[in-house]
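Visitor: Predicted model follows, preceded by the sequence.
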Amino acid sequence: MQKMAELLGLRDECGEGTLGAPALAGSCLADNRLNLDVYPDGCGRFLQLFKEQQGELVQVEFLRLSSNDFLLDTALGSLPHLKHLKSLVLKGGHTRDKFGSYQHGSLTSLPPDFGNLRCLTHLDLSFNRLSTLPSCILHLSSLRVLLVSHNSLVTLPEDFGCLSKLTFFSAMKNQLKDLPQSIGELSMLQDLDLSENALELLPEEIGNLRNCTELDLSGNHLLSIPDSLANLKSLRRLHLHSNLLVTVPASLASLPNLSRLDLQNNCLRAIPAEIQALPFVHVRGNPLGETEPSPQADKSSTRRLKRFFFASEEGSFTVTSEGCRVVLACGIHFYFPPGAASAPLRIHFRSLTPDPQWVKLRHHDVLLSRVLELQPHGIQFQQEVQIWMPYISPQGPHQHEVVVRTFSGQSWNDLKTRVKHKRKSKKCVAHCCVLHFSWFLVVSRLVQNECKVPAEGTLLFSSVDPNIKVIFPPGVTKEPRSVKLQVLPVSAEEIQKITAHAECRASPLLYLSQDSTVDFLKPVRIQLPLPPGVTGLNLDRSRLHILHGDLEGQAWNDITSEVVLEFTHLYAVFEVTHFSWYWLWYTTKTYIGDIAKKVYKRLRLYQVNFIALQRKRDPEQVLLQCVPKHKVDPVLKKLQDRYRGPEPSDMVEMFEGEQFFAAFERGISIDMDRPDCVGGRLSFIFYSHLKNMKEIYVTSPYVNRKCQAVKGQVSFYRGAVPDSIPEDASRRRKGPDSLWLATLPIKLPQLKPRLDENPSPLYGFSFPPLNLGNAETGYLTQANLLSIARRVGADWQSIGLNLGLTYQQIERIGYNNREDLNKQILDMLFSWAQQNSEDPDCVSKLITALKESGRQDIADEVEAIVELGRQKYSESIRRLGLEQESSTEDSEIAI
């Protein structure tokens with residue numbers, strides 16, 4: 001394998017062979033494992049190896065390739081030559097689109113001779129574009145684990161039951177409408193996951209799965225389930241939530257090993273008493289106790305809509321023609337009226353972190369919420385669906401209004417929005433109605449007035465300042481067009497502070513836009529109030545300037561000499577034929593365009609401070625936050641009981657949606673595998689009304705800090721700025737000096753461990769020594785667990801439950817680390833490890849939990865690590881000469 005490592009560029013800097021085991025863990029090549037899905041050109045590397053080192057490559061037993069690779073089809077033709085292959089992963093989802101959604105791979109079929117892989121026991125084809133299950137899979141006689149989740153399967157082959165050795169099968173998030181009767185022939189099947197499909201009926205033969213311990217049928221269209229499920233005597237967990245069940249058989253209560261029965265979010269009006277008596281049954285979200293309305297009764301007065309409740313930020317539910325209400329834990333509500341969906345429809349939802357690359361804010365917009373995605377995109381409902389989205393109340397000027405903004409596929413558009421303020425809870429909710437689903441977010445924008453301009457002309461005035469008017473004369477247009485008006489008042493104090501000139505004054509800033517690219521046929525009259533302190537009596541016309549700004553506010557031109565100005569005692573009136581920004585200034589300054597440009601830029605900037613605090617009980621846990629200047633004192637007061645650290649940084653200015661980074665220096669480091677870690681720096685996006693905060697664990701390269709404390713620092717640097725900021729601002733932010741924002745000190749105290757104490761593990765990247773298992777069966781160390789954690793991903797909740805953690809513990813871990821998936825995984829894994837460190841069978845329990853969660857690939861890795869430990873233990877026994885003595889003693893006992 002050394003030559004293969006050289007081809008893959010895995011030789012160390014000294015040229016002395018392949019990299020060490022820690023560097024290879026979860027990376028590319030380790031013994032008989034080839035992990036190429038981490039490389040964008042992984043399939044290309046595989047083909048190169050196959051060409052140059054085929055003799056060694058065919059010995060590989062574990063192979064991972066990304067199906068997002070454009071060379072996948074070529075690589076598939078070489079796979080049947082790997083006769084020793086035991087585990088094959090051809091997953092998609094390694095790349096994301098601009099909205100953060102995982103992109104499915106390009107896999108649609110497999111070569112016919114793929115079925116010749118007689119040793120293959122584990123096959124993962126998730127996140128691809130399979131519409132039918134390739135027939136060659138049915139010839140894999142040794143197959144035990146098969147994952148085809150997140151595909152487009154409509155049905156399974158009739159002879160699917162010929163996979164007689166299958167113990168785990170996952171087809172979640174497909175489009176399966178029925179199951180073949182032969183599924184009952186999978187006598188060794190232990191885990192069956194068919195969640196989030198379109199199943200309406202189940203075959204009676206499903207009751208023949210006598211070894212099945214977990215059955216997940218949630219998120220389908222099931223109206224009933226067969227009585228034969230009561231034959232599944234090994235069943236421990238049965239998931240039936242989010243279906244259309246109106247009844248369940250009482251015989252389910254007789255299952256001897258059942259420990260969880262989830263019936264939430266169905267249509268159950270009554271539940272058999274035998275099932276109700278079970279302590280582990282979950283029935284929330286059902287219309288229990290309600291009676292069916294009589295034919296003579298008014299349906300609107302007797303029918304109560306079905307309700308769904310979800311504790312996660314991602315999930316799905318089924319909407320029928322009867323309608324429903326949905327409540328998410330984050331406070332988002334949906335109302336689907338009866339008749340909104342003509343047929344059962346699966347709705348998927350998730351909450352996303354906003355990314356300025358695709359969430360395009362307009363000038364003076366403020367983001368007030370995360371992004372809500374609803375699928376399927378673009379589907380047309382028969383009636384409007386109502387959405388309530390909570391948001392953070394803006395504490396800025398009253399000249400703003402709150403709207404829900406949605407993405408049409410090409411651009412973001414504002415919806416007609418109603419706002420409700422809840423006095424008791426001090427929460428705010430934005431309400432809108434839609435006929436299709438897409439992405440939604442809540443923003444605060446400049447108050448907008450609009451009208452339809454007919455050929456006869458009309459009048460439009462501002463609700464912020466009624467003195468601002470736009471007059472459209474008759475004949476101004478041939479076809480009606482829509483016009484929008486926005487006003488940004490600017491106080492005299494702000495102008496004077498920014499310009500440092502007491503005599504500079506300006507009127508409110510006016511923005512006009514229209515839905516036509518054609519100029520008006522006749523001039524449009526605009527009335528603006530004179531700047532503060534200026535009237536028709538004391539007006540000096542030489543000091544008055546009308547400025548016209550481009551759409552992005554990049555340039556401001558003095559058009560005073562190009563228009564006819566009329567004055568009254570309080571107003572200035574002029575005429576234009578096209579729309580943009582207009583600003584009336586009164587000053588003695590000559591280069592007024594540059595001054596206006598400077599003021600306009602400053603109006604879009606926020607004054608902020610950075611804080612870096614360390615938790616008092618655990619100084620290695622560091623809280624980093626970018627806080628608007630007026631919020632610094634309240635934030636510090638709230639944190640002072642649990643954290644301590646230096647004073648906030650000096651004030652700096654940032655744009656809404658601007659990127660910045662935090663970098664630790666001088667002997668302090670962070671884990672580089674975090675998804676938000678770019679080039680060794682933590683990436684942030686500044687949104688003035690969202691929490692720009694992260695808590696991370698830092699470590700020192702000095703593993704044993706027993707002699708002295710480690711002093712370091714964290715520095716903040718600018719990253720990408722939003723589109724369309726002023727050119728001079730962008731220009732000044734290029735270069736090493738201009739990127740630095742602030743630096744704050746960090747100190748890791750001297751460690752003083754006591755010999756009689758075993759410190760509990762930290763949920764970050766600085767853990768105490770840890771050994772799970774025993775010498776004879778093999779150990780799992782702290783480094784091993786960290787390597788495993790990097791590959792767990794979104795399956796951590798399932799793995800945690802299978803390890804024995806309760807749902808309450810899982811939800812608490814998710815909530816406490818809701819901003820960081822990495823910390824959720826580590827919290828779960830090391831919590832379990834701490835609780836089970838004295839259990840000699842804990843390693844085998846971990847392997848079982850991984851298999852039950854569909855992660856055979858990680859389970860195989862753990863088994864390989866443990867096997868290596870056994871070998872090292874046996875070798876040490878032989879070296880010490882103990883093996884012979886042990887064998888002699890065994891012989892004497894046998895005699």
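Guide: Looks like it arrived, so ask away.

Visitor: ranges for the helices of the stretch 351-500 of the chain?
Guide: 492-499 (DSSP state H, counting those that start in this stretch).

Visitor: Any regions of it where pLDDT drops low?
Guide: Scanning the stretch 351-500 of the chain for pLDDT under 70 picks out 395-398, 423-426.

Visitor: now the strands for it?
Guide: 366-367, 371-375, 385-391, 400-407, 412-414, 418-422, 427-434, 439-446, 448-453, 458-461, 469-472, 481-488 (DSSP state E, counting those that start in this stretch).

Visitor: need the helix or strand of this protein with the lowest average pLDDT.
Guide: Lowest on mean pLDDT, DSSP states H and E among the helices and strands of the chain sits helix 21-24, with a mean of 32.

Visitor: Dump the strands of the stretch 351-500 of the chain into JSON lines; add distance to residue 192 and mean neighbour count as well.
Guide: For glycine as for every other residue, the C-beta is placed from the backbone atoms N, C-alpha and C. JSON lines is the format used below for the strands of the stretch 351-500 of the chain (distance: least, CB to CB, whole Å; neighbours: other CB atoms under 10 Å):
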{"stretch": "strand 366-367", "distance to residue 192": "43", "mean neighbour count": "24"}
{"stretch": "strand 371-375", "distance to residue 192": "25", "mean neighbour count": "20"}
{"stretch": "strand 385-391", "distance to residue 192": "33", "mean neighbour count": "21"}
{"stretch": "strand 400-407", "distance to residue 192": "37", "mean neighbour count": "21"}
{"stretch": "strand 412-414", "distance to residue 192": "42", "mean neighbour count": "15"}
{"stretch": "strand 418-422", "distance to residue 192": "44", "mean neighbour count": "12"}
{"stretch": "strand 427-434", "distance to residue 192": "36", "mean neighbour count": "18"}
{"stretch": "strand 439-446", "distance to residue 192": "34", "mean neighbour count": "23"}
{"stretch": "strand 448-453", "distance to residue 192": "53", "mean neighbour count": "16"}
{"stretch": "strand 458-461", "distance to residue 192": "63", "mean neighbour count": "16"}
{"stretch": "strand 469-472", "distance to residue 192": "66", "mean neighbour count": "20"}
{"stretch": "strand 481-488", "distance to residue 192": "55", "mean neighbour count": "19"}
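
Visitor: now for these, which one comes closest to residue 316?
Guide: strand 371-375 (8.6 Å; CB to CB).

Visitor: wait, what's in contact with the spatially closest residue to residue 135 that is not a sequence neighbour?
Guide: If the residues on either side of it in the chain are set aside, residue 135 comes closest to residue 157, at 6.8 Å by CB to CB, 6 or more residues apart in numbering. Listed by CB atoms under 8 Å, 6 or more residues apart in numbering, the contact set of residue 157 reads 133, 135, 138, 180.

Visitor: which phi and psi does the second one have?
Guide: This means residue 135. phi -60, psi -30 (degrees, to the nearest 10).

Visitor: any idea how far it is from residue 359?
Guide: 44 Å (CB to CB, to the nearest Å).

Visitor: The last one too?
Guide: Shown here: residue 180 relative to residue 359, a distance of 45 Å by CB to CB.

Visitor: Comparing these two, which residue is more hemmed in?
Guide: The residue with more neighbours, out of residue 180 and residue 359, is residue 359; 24 against 16, by other CB atoms under 10 Å.

Visitor: and the more buried one, what is it in contact with?
Guide: So residue 359 contacts 367, 371, 412, 441, 657 (CB under 8 Å, 6+ apart).

Visitor: which one of these sits closest to residue 173?
Guide: residue 371 (20.8 Å).

Visitor: Thought residue 356 was touching the closest one, still the case?
Guide: No. In this structure, residue 371 is not within contact of residue 356 by CB atoms under 8 Å, at 11.5 Å.

Visitor: which residues does residue 653 form a beta bridge with?
Guide: residue 607 (DSSP bridges).

Visitor: Give me the neighbour count for it.
Guide: 15.

Visitor: For it, give me its contacts.
Guide: 602, 605, 606, 607, 608.

Visitor: Who wins on neighbours among these?
Guide: residue 608 (27 neighbours).

Visitor: Just the local confidence number for it, please.
Guide: Per-residue pLDDT puts residue 608 at 93.
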